[in-house]
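Undergrad: missing the sequence, but the structure's below:
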Ligand code: GCW
C-alpha cells in the first residue's frame, strides 16, 4: 500500500559497506564518505578459486560479439590469480562461443542435450593433447555469458570441473528486476540508500554502480531492469531524461540486461499536451507510437513498459470507462514494431472499500478485474501478478489469477526489498518463501489445467522488486541472499532448485567454503522466514503491522476500520477473514475447484493460511490440538527464542568471518532479537486482552524481572500513553518531553531499587529510538556505569518520529552484578524532538 512514509531508511548500525574479498568494513560513513559500490561486495568475487584448485587460465572467445567479450572478461576476473593461483599452462583452456560457433570450430564435439531454448548454455569438459578444455557454449550470446557465470559459480563453490557436462536453460523469457526509484534519487520502499540511477531529477553522472549491478544481475541470469518507480513515472518520458536512460542502457548492455521504464498512462495529458489520455483515442495512440519510436531511436534494445494504473491513486483507463486491456494494448501497439513488451500490473484494487461490508474483499480484486479480460490482451502484453492477492504479506495464498488467465501471458511479481518483512533490519531469507509460493502456483496451475485443458497456465516471467541503493545494495549483507535467490529461481523455479541449495551457493560464493560458516549461515537463512512469520503474522493473519504507515513495527488494529482491505477482523470471540463461498466473501471460489474445495473448509486449509480464509473462534482447535489463541501465544514465544538463537549461532563464527562483517551482522541480529520481543509482547498482549483467554503457560501479561518506567522514581521524565497501546509494556512509557525548551545538556532519569535475588544478570533496556534525533542513554547501578557499554547514543534511523513499535529497541547489557537495595538508574538525554523515551528495564535470568 502506498503511504506517506517512504522507506529510504538507513541501517541500524553506522552505515557500512563491505569491500574486497574479505568484506573489509568502511566505517564512520556518517560523514557521507562512501567507496564505490561493487559486485565484489556481494557474491561476485574476483579471483574466486579455492586454494588448491587448478582452473584453466587461458580464456578465449570463438566469436566477436559484445557479450562473448564480457564472458571472457568475467572468466578472467573470476579465475585470475588474485588469490594466489599461479598461471599454469597445463591447466588447459576455456573456450566460449555460441552453439553455431562451437560446432564449426569443433565439428566432432557433441553437446549433450538438444534443447535450443534461447539463453540456455552448455558446459562441457574434454581432454585434449594440450591439456583439458572447457567449452562454454550458449544457445545465443546471452547463453554464453550465463554459461560463463555458471562456471564461475561452480569453481567458487569448489565443484570439480573434471568430466563436466551440463546443460541449463531458463524457464522464463522475462526475468526482470523492478526498481522503484524516483527522479530525485529517493527510492520507494528502498532500504539500501539512495538511487544508483538518479539524483536531482536527472540520471547520475557516475554510472559505475549501475555497471556493477548489471554484473550481479547477469551472474544470476536476470535479463531486464525496469529502473523507475511505478508511482511517479511521468517525468521519465521527458526527452532529456530519456537520453540519460539511454546511458543507463549503455551501461547495462554489456551484461545483457535490457532497460525498461515504468510509464504513467496519463502521460499524453500530463506531459504530452493532449486533453485526454483515453487509450482508445487516436491522438493518444499516435502520441504513444511517437514516444516509443523516440525511445527506440535512443535505445534500440529497449525492453518495454511497466504499468501501474487505476491503483492507489494512479490514473488509469477506468477514468474513461476503458479496461486494463484497452490501455495495455495501446501501449503494446506502440512497442510492437520494435519488439518491446508491456508488463501490465494486476495490482488494481479499490482502496476505499467498506470495512463494514462482510462481502467486501480486496483479495478478490485482481481476479474480478482481469479474469473477464482473458484473451483480450495483445500478444506482447504480459500481466504482472503479485505472488499473493493482497500485498507481499509475510504469508498469503498464491494469487488465483495465475489460474484465471489461460489465454494471456503472465509474470509473477515478488518483492526482494523487504517492505513488510522487516525492511532489511530483520533477516528474512526469501528463497524459502518463494519456493513455497512457486510450489502453490504449480499445484494451482495443474488444477486449473485439469479444469480447462485448452488453456495455458504457464508463466512467461518472474519479476522481483529489488529497490537496491548505493548503501551496500540492499543495505544489509545477508539480505543479498534474496537478490541472488530471486535470479536463481527466475531461471529455474522447479522444485529441484531447492531454496536450501540456493542459500548454500550464495553462502559459499559470499563467505567462502569453510564448512562451519556455510552451515551456520545457511541454518539461520533457512529458518528466518518462518521465524519472522511467527512473530509478525502467524496462521495467515498477514503482517500485523501499521499498514497505513511504516509497514514495519507491530500495530494490530491498523489494518481495521479503513478502506485498504488488509483486514483480519479480530474481535472478542474470534479472528480471521471469512473468504469462503458458503458464508464469506467468496474469494476461495476464485481458485480451481479442486483447490477451492480445500480452502472452503478450515479442516482442510493449511494452518499457515487458516485465518486468511476463515473467521474462527479463539477456541477453535488446529490439527495439532492447540487452540487458535494458544497457537498465537506459543508461536510468538517460540519465535522470539529462535531470533535469540540466531545471535548465538552467529557468535560461533567469531574469527571465522571478517571481523568488521562479523560485528555488523551481530549488531543486526541482536537488534532483531530485541525487536522480536517487542513484536511478541505487542501481539500477545493484544490478543490476550481482546480474547480474555489466559495463556496456558502463564506468560501473557506476566513479565518477570521487568521494571516499568512509569513505576520508577522519575526525575524530569513524564509518563505518556503510547499509541498503539500494545507497542509499550502496559501501554505506557516515559519521555523527557520538556527537552526542547531547556539547555542542550538537560537530561531526565528513572530510578528503581532492586529487590530481587543477588547475582549477575543480563539487563535489557527497552527504549524508543526516534527517527531524526540522537538521544543518549546511560545505565548506572549505585551511581556507577552498569557495564562498560552502558552508555549509548540512539541514532538509528527507524521509521517513526513518535514512540511506538517502529522504534522500540532493546539493548542488552551483559553481566550486570545486582544485590537487593541496589539503585538502577537510566538517564536519558533528549535531542530535539527525540525525548529519550523509555519503556522498561528488565533483569533477566541470573547466570550460573
Ligand atoms: O506494497 C505496496 C507498496 C507501495 C507500492 C505498491 C505497488 C510502488 O506499499 O509502495 O507502490 O505496493 O506495488 O504498486
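TA: That came through, no problem. None of the values given here were measured: they were computed from a predicted structure. Numbers count the residues shown, from 1 in each chain.

Undergrad: And the helices in the stretch 251-400 of the chain?
TA: Along the stretch 251-400 of the chain, counting by DSSP state H, counting those that start in this stretch, helices occupy 267-270, 282-298, 324-335, 365-370.

Undergrad: hey, which of the ones you listed is tucked in deepest?
TA: helix 324-335 (a mean of 24; mean count of other C-beta atoms under 10 Å). Where C-beta positions appear, they are placed from N, C-alpha and C, glycine not excepted.

Undergrad: sorry, back to before: want to throw the helices of the stretch 251-400 of the chain into a markdown table with mean pLDDT and distance to residue 595?
TA: Shown next, in a markdown table, are those (pLDDT from 0 to 100; distance: least, C-beta to C-beta, whole Å):
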| stretch | mean pLDDT | distance to residue 595 |
| --- | --- | --- |
| helix 267-270 | 98 | 39 |
| helix 282-298 | 98 | 39 |
| helix 324-335 | 98 | 25 |
| helix 365-370 | 98 | 13 |
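
Undergrad: just so I know, which of the ones you listed lies nearest the ligand?
TA: helix 365-370 (11.9 Å; C-beta to the nearest ligand atom).

Undergrad: close to the ligand, is that closest one?
TA: No. Helix 365-370 lies out of reach of the ligand by C-beta under 6 Å from any ligand atom, never closer than 11.9 Å.

Undergrad: who touches that helix?
TA: The contact list for helix 365-370 (C-beta atoms under 8 Å, 6 or more residues apart in numbering) reads 324, 346-350, 383, 385-386, 389, 399-401, 404-405, 408, 590.

Undergrad: check those against the ligand, which are close?
TA: residue 347.

Undergrad: Can you turn the buried subset of the contacts of helix 365-370 into a selection I can paste into ChimeraX?
TA: To isolate the buried members of the contacts of helix 365-370 in ChimeraX, using 16 or more other C-beta atoms under 10 Å:
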select :324,346,347,348,349,383,385,386,389,399,400,401,404,405,408,590
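
Undergrad: coming back round to it: so which of the helices of the stretch 251-400 of the chain is nearest residue 169?
TA: Shortest distance between residue 169 and these, using C-beta to C-beta, is found for helix 324-335: 25.6 Å.

Undergrad: and the closest one, what does it pack onto?
TA: Taking 3 or more C-beta pairs under 8 Å, 6 or more residues apart in numbering; DSSP states H and E as contact, the helices and strands that helix 324-335 lies on are helix 282-298, strand 304-307, strand 341-345, strand 381-386.

Undergrad: Who does the shortest one pair with, and is each partner parallel or antiparallel?
TA: According to DSSP bridges, the neighbouring strands of strand 304-307, each with its direction, are strand 258-263 (parallel), strand 341-345 (parallel).

Undergrad: Just want the angle from the last one to strand 381-386.
TA: Read that as strand 341-345. With axes from the mean of the first three to the mean of the last three C-alpha atoms, to 10 degrees defining the directions, strand 341-345 sits at 30 degrees from strand 381-386.

Undergrad: Domain ranges for the chain, per the record?
TA: What automatic domain parsing lists as the domains of the chain is 54-157, 174-488, 498-577+615-702, 706-843.

Undergrad: Endpoints of the third one, how far apart?
TA: Distance between the boundary residues of domain 498-577+615-702 (C-alpha to C-alpha, to the nearest Å) amounts to 41 Å.

Undergrad: Report the closest residue of the stretch 601-750 of the chain relative to the ligand.
TA: residue 612 (17.2 Å).

Undergrad: make that the stretch 451-600 of the chain, sorry
TA: Here the stretch 451-600 of the chain gets closest to the ligand at one residue, residue 551, 6.4 Å apart by C-beta to the nearest ligand atom.

Undergrad: Help me confirm that that residue comes into contact with residue 537.
TA: No. Here residue 551 does not reach residue 537: they are 12.0 Å apart, not a contact under C-beta atoms under 8 Å.

Undergrad: and for those two, which residues touch both?
TA: residue 543.

Undergrad: Alongside the ligand, which residues does the stretch 301-450 of the chain contribute?
TA: Within the stretch 301-450 of the chain, the positions adjacent to the ligand are 308, 347, 391, 392, 419 by C-beta under 6 Å from any ligand atom.

Undergrad: again, only using 8 Å
TA: Within reach of the ligand by C-beta under 8 Å from any ligand atom, the stretch 301-450 of the chain has these residues: 308, 311, 312, 345, 347, 386, 391, 392, 413, 415, 419, 420.

Undergrad: Do you have the helices of the stretch 601-750 of the chain handy? List them.
TA: Listed in chain order, the helices of the stretch 601-750 of the chain (DSSP H, counting those that start in this stretch) span 610-613, 628-651, 659-691.

Undergrad: Revised request: answer the last question for the stretch 101-250 of the chain.
TA: 141-156, 208-219, 239-252.

Undergrad: now the ones you listed in TSV, with distance to residue 490?
TA: Shown next, in TSV, are those (distance: least, C-beta to C-beta, whole Å):
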stretch	distance to residue 490
helix 141-156	12
helix 208-219	10
helix 239-252	17
